[in-house]
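Colleague: need coordinates for the below:
(2 chains)
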Amino acid sequence: MTAITPLSTGPHGKRPARIFTPARIMIYSVLLVAALYYILPLYVMIITSLKGMPEIRLGNIFSPPVEITFQPWSTAWSSACTGLYCEGLKVGFWNSVQILIPSVIISILIASVNGYALANWRFKGSEIFFSILLFGAFIPYQVMLYPLVIITRELGIFGTLPGIIMIHTIFGMPILTLLFRNYFASLPTELFKAARVDGAGFWQIFFQIMLPLSLPIFVVAIIMQVTGIWNDFLFGVIFAGSKNVPMTVQLNNIVNSTQGVKEYNVNMAATILTGAVPLLVYFFSGKYFVRGIAAGAVKG
Amino acid sequence: MHSVLIKDLSVSFGSVNVLKDLNIEVADGEFLVLLGPSGCGKSTLLNCIAGLLDISEGQIFIKGKNVTWEEPKDRGIGMVFQSYALYPQMTVEKNLSFGLRVAGLPKAEVQKRIANAAEILQLEPLLQRKPAALSGGQRQRVAIGRALVRDVDVFLFDEPLSNLDAKLRSELRVEIKRLHHKLANTMIYVTHDQIEALTLADRIAVMKGGLIQQLDEPLTIYNKPRNLFVASFIGSPAMNFLKGKITGTSSAPSFTAADLTVSLADYKAQGPLTSGRDVIFGFRPEHITIDNKPGAAGLSCEATVDLDEPMGADSLVWLTVAGKPVSVRTDSGRRYMPGEKVFLHFNPAMASLFDAATENRI
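Modeller: Residues are numbered from 1 along each chain as shown, chains lettered A, B, ... in the order given. Sure thing, here's the model as predicted:
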């Protein structure tokens, strides 16, 4: 005879939650170590930027500042020297803003129309066109630098604001077009068909039907472009011209200057200031930012 | 006069022929249903009529006008899609008026037409809502309304009820039928649901592999299917098929399969029934009766009950005849036990006979 469990005993109701199992403790401690590992450099940067030079010379890089000073931040912003000029990072910041805003707007406008046309208005050779455009995403930038220098020179825009804006627009095109095409292709085609039966044309469908549905992908595209263009160094140093150097280039000039004393606190403050824009974009658009990264990963 | 005329239409994607030399003439005010399994080309045909798909060969006329190369909006058609395809960011009213606003109609006219469509489809209380706040049935009514306000000659429906649950589907089916009676427009309706086809259609075009298998009135399709495909596709529960031979003389032919022999004297054949020909004998579950005693000679046989499926109004009884399973629809009043011996009475006048090789009706 097998023993029969009495009906009143044994498990009943909700299964009790067990929080501190060995596996849980393991997972959380690994996560904690990983988090500390990544936060530590940022911590060092912030505390160093708040110390004065005498305190830094003591060499305790992990200890918090005894005397908090914001002097390095204001120096970095308004009077740090880059080469001959000592006007701080603010020059580079405004240059970067001037490059960023038109580049983001123009590249996204063109790419969204491209993506819409490729997804919905299949024309003869549209697949080939798309393949060629995608191929552009795989060519290393360095290969194209010299030809582009010559092209922009011949166009008379080398070393000017329009020049650097054009470069950013061109290089954003493949990945942005792919992004928009895939998004528009994921919208139900019946919506597009219905609009055509209703008599709407290319632009009417784009502006009245598609655009109101594509806010998420625009946010993703803006995030991708803002972080990408803001962090760009190579194009800025080559195409922007000395009057328009972006913040990254200026930061490099400050940090890597070989003359005089290394002002670590100013360098740290300048670096944080430069990284602040992508950081803020990240904080204010968390989930879209992750999507943007994921979409960027498609590039391969 | 014809309303839609399709002449020698072919569509191919690369080397794949989706439609081949199709010819259909749809009369004014007719309700035509395109019926077939998925991939048979029925939706492709509808998209061609709408102008949403470029054709490879042939011509399309709507109301006597050659619209083969016309844009969808210039064809005088309205279309209703399976997924409703309502513009999600617009209210019901804006959805209805979108086409009219694009066409630049005066405001007063737009208002008049919306009011008219909203009344017919009982959409008045919903006009200011967005599609997300509507139920499936309401959304589909808005989609129909969008075709209605365009004041067109031909309505195209692309599986409009497939996304709805069974109850709503039968309700909207009735509504569409009423709408057709009221408007008397030409309607072309694509579906894979044979009940929708049989209940709605004036004529049904059964399609398979890009070809029209049969184009006839619903009851003709049901009772006199032209080939084996149509016979097996239409009808639920499906038609029974027995493989066998023609026997007997040409004046008194019979169908024989194993130990079963059915006299075909009452069967109206389209050609001579020569003895020895391989045929498939088809009969619907409701065209056969179960009895306790044998009937007239040559029209009856003994069978063993396998299974009894009561379905409420009637029962479906599965039996073994000549070694093959056969289903019979019968009154649900009497239950049958597995293994029970009964007699079946055939009705050859309502049966179908197909050539075993060509699968065409004899």
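Colleague: and stretch A:171-178, how far from the chain's centre?
Modeller: The chain centre lies 14 Å from the centre of stretch A:171-178; the measure is Cα atoms, centre = their mean, to the nearest Å.
Colleague: name the surrounding residues that touch that stretch.
Modeller: Counting contacts by Cβ atoms under 8 Å, 6 or more residues apart in numbering or on different chains, the residues outside stretch A:171-178 that touch it are A:103, A:107-108, A:110-112, A:114-115, A:118, A:130, A:133-137, A:141, A:221, A:224-225, A:228-229, A:235, A:296, A:298-299. C-beta coordinates here come from the backbone N, C-alpha and C atoms, glycine included.
Colleague: do stretch A:153-170 as well
Modeller: Residues lying outside stretch A:153-170 but in contact with it, judged by Cβ under 8 Å, 6+ apart, are A:98-99, A:102-103, A:106-107, A:110, A:148-149, A:152, A:229, A:232, A:235-236, A:239-242, A:244.
Colleague: would you map the helices across chain A?
Modeller: If you assign secondary structure with DSSP state H, the helices in chain A sit at A:22-49, A:53-57, A:71-78, A:90-120, A:126-138, A:141-155, A:161-186, A:189-197, A:202-204, A:215-231, A:234-239, A:247-255, A:264-284, A:286-297.
Colleague: tell me the contacts of the residue in the stretch 151-300 of chain B positioned nearest to chain A?
Modeller: Taking Cβ to the nearest Cβ as the measure, the point where the stretch 151-300 of chain B comes nearest chain A is residue B:158, at 8.0 Å. For residue B:158, the contacting residues are B:43, B:46-47, B:79-82, B:190, by Cβ under 8 Å, 6+ apart.
Colleague: ok, of the contacts of stretch A:171-178, which come out buried?
Modeller: Judged by neighbour count, with 16 or more other Cβ atoms under 10 Å in any protein chain shown as the criterion, the buried members of the contacts of stretch A:171-178 are A:103, A:107-108, A:110-112, A:114-115, A:118, A:130, A:133-134, A:137, A:221, A:224-225, A:228-229, A:235.
Colleague: ranges for the helices of the stretch 101-250 of chain B?
Modeller: B:107-120, B:136-148, B:166-183, B:194-200, B:218-223, B:228-233 (DSSP state H, counting those that start in this stretch).
Colleague: among the contacts of residue B:158, which ones lie close to chain A?
Modeller: Residues of the contacts of residue B:158 in contact with chain A (Cβ under 8 Å from any Cβ of the partner chain): B:47, B:79, B:81-82.
Colleague: residue A:153: neighbouring residues, count only.
Modeller: Here the count is done by other Cβ atoms under 10 Å in any protein chain shown, and residue A:153 has 12 residues near it.
Colleague: err, residue B:316, not the other one
Modeller: Other residues within reach of residue B:316, judged by other Cβ under 10 Å, total 17.
Colleague: next SSE after the helix or strand hosting it?
Modeller: Secondary-structure element containing residue B:316, defined by DSSP states H and E: strand B:314-321. Remark: after strand B:314-321, the chain's next helix or strand is strand B:324-331, criterion DSSP H and E.
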